[in-house]
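K.L.:
please work out how this folds:
(one chain, ligands or ions: 1)
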Amino acid sequence: MTKLIISAADLSVSLGSRLLFECDELAIEEGAFVGLLGGNGVGKTTFLRTLLGLQKAQYTTLNILDAPCKRGSSSISYLPQLKAQSSRLALCAQSLFQTWRPRSISAKEWQRRIDNAIDQVNAQKIASQPMDTLSGGEYQRLMLAQALLNEPKLLLLDEPLVGLDPSRQYQLVELILHLQQHLGMTIICSTHELNPFINHFTEVLLIHEQKLRQGKATELLTSQTLSELYHCHLDVVVHHGRQHLIAHPDSDLYV
Ligand SMILES: Nc1ncnc2c1ncn2[C@@H]1O[C@H](COP(=O)(O)OP(=O)(O)OP(=O)(O)O)[C@@H](O)[C@H]1O
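P.N.:
Model (predicted):
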C-alpha cells in the first residue's frame, strides 16, 4: 500500500472571522505531484503555510509524514512566492547558504549539499554573485536550491514559475519532475501557469467557493472544472498527444 504523506480530516482555515477554505478529508500519497489551483486570494499560500505549521487551523486530524503537523520540520521545504524586491542581500548564495547550516550537520556535509543543490538547479555561474544583483529568474532558481538543502521529503512550491522566461519555465518543470520521479519527493505546487504543468500533475487540489477539493488530475483538469474555477471560458485541448489550456477571453464569463 502506498504511504500517505499528508492526511487531514475536518480541516478548516479562517483569517479572523473570514473562512478561507474547509475540507472533510485530504489524503496525499508519497511521490505525488500535486497541483494547487484556485483564483487569486482564495488561500493557496495560506494552505501551504498551514502545512508548514505557520498558519492556525481547525482540524480533527492533520498529519504530515506520520506525525502531527508542527512548525520547523526539516523534512519539509518551502519555496515562497517571488515578490518584488524579495532580495536586499549583498551576500551571494554560496555564502548565504553557509549561514544556514544546522548544528547537527558537519560543515563538509553541508558544503556537499550546497554544491549538489546549486548543481541541480544549474546555477553554478550565479551562485557567487550578490543576491541583490540577480534577475528575478536567477533569484528564483537559487531559492529553489535553498529549498533542496535539507533534502526534503515534501517540497512546497508557491508559484515557482513567476518571473521565468518560457524556456526557463520548462527547464524548471523538468527539474521538479526529476525531484519527484527520481528522488521520490512529494511535491505540492501552487500555480497560475497551467500549461507547463498540465501533463504532469498526478493529483490536484482546488480551492473554490471556500471548499478545498482533492481529485486525480485526469478528473479535475477538464475544460468545465477549470472554467468554473477561474470564471472564464477555458478549453483543455489535446495537440500532438499533449494537453494544453486555451483561454477564450471574449466569451461570456461564467458567474
Ligand atoms: N496576514 C494576513 N492578514 C490578513 N489577510 C491576509 C493575510 N494573509 C493573507 N491574507 C488574505 O487571505 C487571502 C488568501 O491569501 P493567499 O495569499 O493565501 O491567497 P492565494 O490563493 O495564494 O492568492 P494568489 O493566487 O493571489 O497568490 C487573501 O485575501 C489575502 O489578502
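
K.L.:
quick check: T50 touching K70?
P.N.:
No: if you go by CB atoms under 8 Å, T50 and K70 don't touch, sitting 11.9 Å apart. Every residue, glycine included, has its C-beta placed from N, CA and C.

K.L.:
quick one, which of the two is more surrounded?
P.N.:
It is T50, of T50 and K70, that has more neighbours when counted by other CB atoms under 10 Å, with 21 against 10.

K.L.:
so where's the stretch 101-250 of the chain shaky on pLDDT?
P.N.:
Along the stretch 101-250 of the chain, the parts satisfying pLDDT under 70 run over 250.

K.L.:
quick one: the strands in it?
P.N.:
Secondary structure of the stretch 101-250 of the chain (DSSP state E, counting those that start in this stretch): strands located at 154-158, 186-190, 203-208, 211-216, 234-239, 242-247.

K.L.:
who in the stretch 101-250 of the chain is up against the ligand?
P.N.:
For the stretch 101-250 of the chain, the contact set with the ligand under CB under 6 Å from any ligand atom is empty.

K.L.:
ranges for the helices of the stretch 101-250 of the chain?
P.N.:
Using DSSP state H, counting those that start in this stretch, the helices of the stretch 101-250 of the chain run over residues 107-120, 136-148, 166-181, 217-220, 223-230.

K.L.:
give me the pLDDT for A32.
P.N.:
pLDDT for A32: 97.

K.L.:
who's in contact with it?
P.N.:
When contacts are counted by CB atoms under 8 Å, 6 or more residues apart in numbering, A32 is found next to 5, 186-187, 202-203.

K.L.:
what does it show for phi and psi?
P.N.:
Dihedral angles of A32 (phi, psi; degrees, to the nearest 10) stand at phi -70, psi 150.
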